[in-house]
Each structure stands twice: as structure tokens, then as C-alpha cells.
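Engineer: quick one: sequence and predicted model below, then my questions.
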Amino acid sequence: MIKIAMFDSKPYDIEAFQKCVEDKTNIKIKMFETKLNEDTVELTKGYDAVNIFVNDDVSETVINELYKNGVKLIALRCAGFNNVDVKAAFNKIHVVRVPAYSPYAVAEHTIAMLLTSVRRIHKAYNRTKDFNFSLSGLTGFDLHGKTVGVIGTGKIGQIFINICKGFGMDILAYDPYPLKDSQINYTSLDELFEKSDIISLHCPLTSDTHHVISKDTVDKMKKGVVILNTSRGALIDADALLEGIKSRKIGAACLDVYEEESDIFFEDYSGHILQDDILARLISMPNVLITSHQAFLTVEALNNIAQTTIQNITDFFEKDEVNNEVCYNCGRKEECKKTRDKKCF
Ligand code: NAI
């Protein structure tokens, strides 16, 4: 029997995972509402694997406690793994993830936010609910003919680019690993900042991409630029974004992620006083649209996440081979000891 402790579990996760394991007698999942962090790691005693999401905090201290508790596998039910100290996990606990569950879900949500923002749909919706049929203040702009700068041309970035092409937009892209033989017009980050009417972030959060949108880079952008972030919050320096909006350099921002989201997003704080002043100020802006890390949330994605996670876990414990493993050496080809379908250490 493989015993799994699932953290930060929400009703939609529970439904998808329960459906996925209902005919499996070799798996037992305990759902915890709380996030995994230094305060909750003691709950993992007696479990073989932990199943975590984007805002669980798996620091070196948590890794060491998990290791002491006999946990052998950290199974992320998401693609990004910036919340796991993979260096500390190396040689102790294996880490697996779900590299893709529905890149379409995220790319389509990015477009939904862009259209909502530039055509003021969120404002029109509230007005007509109140029988206010005035059009004043709802003027948008055509996407056709605009230049969109895409940072990161992986699975999500490529789908986003294809959708943008359908609108007749011009694409500029930056990726340190450009796609070979693609029709994508790659450029430098500086040129992308200078020439784009809209900038969309689709790269992972790493030390290179942390605060890729900062005061310095906002200074290089066109006046009125629209910034889209459905990737990771800390790609944007939220202070710089707020200043850019206040000075009207930034025309609009659509954010599905936020630098300090971990204690806020996914929870219901209606009726509470929000303690994060920057987030409260951003929300108060008429040209800022915020969704709470919702871009992945489609039926298709939830089912794919549950199936791939359970497959990753059973492969690890029962077949002694791991797909979708991430480790400290990932991306450093010359140092990677992994051969196909074997574990990283
Ligand atoms: P991917 O791994 O397919 O693509 C990432 C791309 O970013 C790669 O082409 C890579 O070369 C590029 N990249 C790496 N370093 C870069 C840098 N310094 N500057 C620019 N590009 C760089 O990942 P995928 O599936 O397209 O996901 C992208 C991001 O979307 C993930 O890292 C994750 O943070 C975020 N995401 C957000 C979700 C949400 O619900 N809001 C759901 C799933 C992913």
C-alpha cells in the first residue's frame, strides 16, 4: 500500500483525485486542507509520498524533516517547482512533477484576461447587472496589428503565440533556448521591451527571471504597455508594477499570479481586511485585473493532473523507474547522471 499525504487540497482537487484512485487498492490518500510547510511537516510521519501544489513551502528544513519522517517522494501536482528546494532534496528525496496538464488552459486564460481588460468586459458586466447601459469609459483598442512580446516560448508560450496570430497580432519573442526552425521572430529582451504593446510572461521563475519586470525594464517599455502574467508572481517586482501604473507608463496589467500570493490566493478573505497593501492597491486600480492562480483550472487539466500524479507515484514505488523527475542537476546536461527511465540518484 502506498500512503500519500496530499496538502493544500481543495474540493476540485479532491474530486479529481478520488475519481482517479477509486479502483486502485494499492493507494491510500489522506487529504489535508493545510499547506505543507515547517509548521505542518510533522503530519507526514508514516507516509511514503507527499503530494503538493504551488504554494506549499518545501524548504531545506522541510526536506530534512520529510527525510527523517521516511517520506521518499515529493509529487508536485503542477509544472513549476520553484517552491521546492531541489538542491536540498538531491540524494535524499526524489521530486516528480506534472510537466504539462493543459497548456491550452493557461494560454486561453491569458487571452481571456487580455480581452477582458482591453475591451473592459469586467466593467461592462457590472454595469449591465445594474441596468447601466452607458458606454462612457469603455473604449478599448483593437488587438489586430498590435505587437505582443512573449517571454518564454515553451508549451504555453507557443500556444499563446498561435492564438495571438489568429488575432492578426505581430509577435516578438525572447527565450534563451529559441525553438529551432520555427516561424517565431526572436529578439533581445531589450528590443522586446521597447517595441511591444503587450508583454506576456511564459517563462519559469528562476534566478535569471526573478523580477524580469522591474523599474529598469518598465522604463524601457512603451507608454501604455499591457502586462500579462500567468506564470509566476515573482517574475514581476510588484512595487515597480504599481509605480508604473500610477505614473500611467503601464496601461493595464492582468495578473493570475502575484509575488506574495502564497498566503492569500486560493482562500476566501471576503469580509476580512487585506493586510497586503500592494495587492489591495493593485486590486483598486481600474486597469488591473487579478485572478487568483486560476489559469490552470479546467476539467481537462484537473483530470490530467490527477492521472499523471498517480502514474508518477506508482511508477516510482512499483516500477522503480521515474518519469517527470526534477532534480538539482536538471537542465545541466553535462552533469546529469540520469539515463532514460531511471531515477536521478
Ligand atoms: P515550458 O517549460 O514548456 O516553457 C518554459 C520556457 O521558458 C522554455 O522554452 C524555456 O526555455 C523558457 N525560459 C527559461 N528561462 C528563460 C528566461 N530566462 N527567459 C525567457 N524564457 C526562459 O513551461 P510551460 O508549460 O510553457 O509553463 C510556463 C510557466 O507557466 C511555468 O514555468 C509556470 O510557472 C507557469 N504555469 C502557470 C500556471 C497557472 O495556473 N497560472 C499553470 C501552469 C504553468
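Structural biologist: The structure has been received and is ready for your questions.
Engineer: around the residue of the chain found nearest the ligand, how many other residues sit close by?
Structural biologist: The nearest approach of the chain to the ligand comes at Gly154, 1.6 Å away (Cβ to the nearest ligand atom). C-beta here means a position set from N, CA and C on the backbone, and glycine is covered the same way. Neighbours of Gly154 under the rule other Cβ atoms under 10 Å: 17.
Engineer: just Asp170 next, same as before
Structural biologist: The burial count for Asp170: 16, using other Cβ under 10 Å.
Engineer: would you confirm that the residue of the chain closest to the ligand contacts Leu179?
Structural biologist: No. Using Cβ atoms under 8 Å, Gly154 is not in contact with Leu179, being 9.0 Å away.
Engineer: please enumerate the strands of the chain.
Structural biologist: Assigned by DSSP state E, the strands in the chain fall at 2-6, 27-31, 49-52, 73-76, 94-96, 147-151, 170-174, 198-201, 225-229, 250-255, 288-290, 325-326.
Engineer: deepest-packed of these, please.
Structural biologist: Per-stretch averages of neighbours, counted by mean count of other Cβ atoms under 10 Å, single out strand 49-52 among the strands of the chain, with a mean of 28.
Engineer: given it, what are its sheet partners and their directions?
Structural biologist: Strand 49-52 sits in its sheet next to strand 2-6 (parallel), strand 73-76 (parallel), going by DSSP bridges.
Engineer: give me the contact list for it.
Structural biologist: Residues outside strand 49-52 that contact it (Cβ atoms under 8 Å, 6 or more residues apart in numbering): 2-8, 29, 36, 44, 58, 66, 71-77, 83-84, 309, 313, 316-317.
Engineer: can you tell me how far the residue of the chain closest to the ligand is from Tyr104?
Structural biologist: For Gly154, the distance to Tyr104 equals 13 Å [Cβ to Cβ, to the nearest Å].
Engineer: how about Asn69?
Structural biologist: Counting by Cβ to Cβ, the gap from Asn69 to Tyr104 is 38 Å.
Engineer: so what's Pro204 closest to, chain neighbours aside?
Structural biologist: Nearest residue to Pro204 in three dimensions, chain neighbours excluded: Gly80, at 6.0 Å (Cβ to Cβ, 6 or more residues apart in numbering).
Engineer: wouldn't that neighbour be in contact with Val54 here?
Structural biologist: Yes. Using Cβ under 8 Å, Gly80 makes contact with Val54 at a distance of 6.3 Å.
Engineer: hmm, back to that, how about the contacts made by the residue of the chain closest to the ligand?
Structural biologist: So Gly154 contacts 175, 202-203 (Cβ under 8 Å, 6+ apart).
Engineer: go back to those residues and keep what's next to the ligand.
Structural biologist: Restricting the contacts of Gly154 to those within reach of the ligand (Cβ under 6 Å from any ligand atom) leaves 175, 202-203.
Engineer: out of those residues, who's the most crowded?
Structural biologist: Neighbour count (other Cβ under 10 Å) singles out His202 as the most crowded of the ones next to the ligand among the contacts of Gly154, with 27 neighbours.
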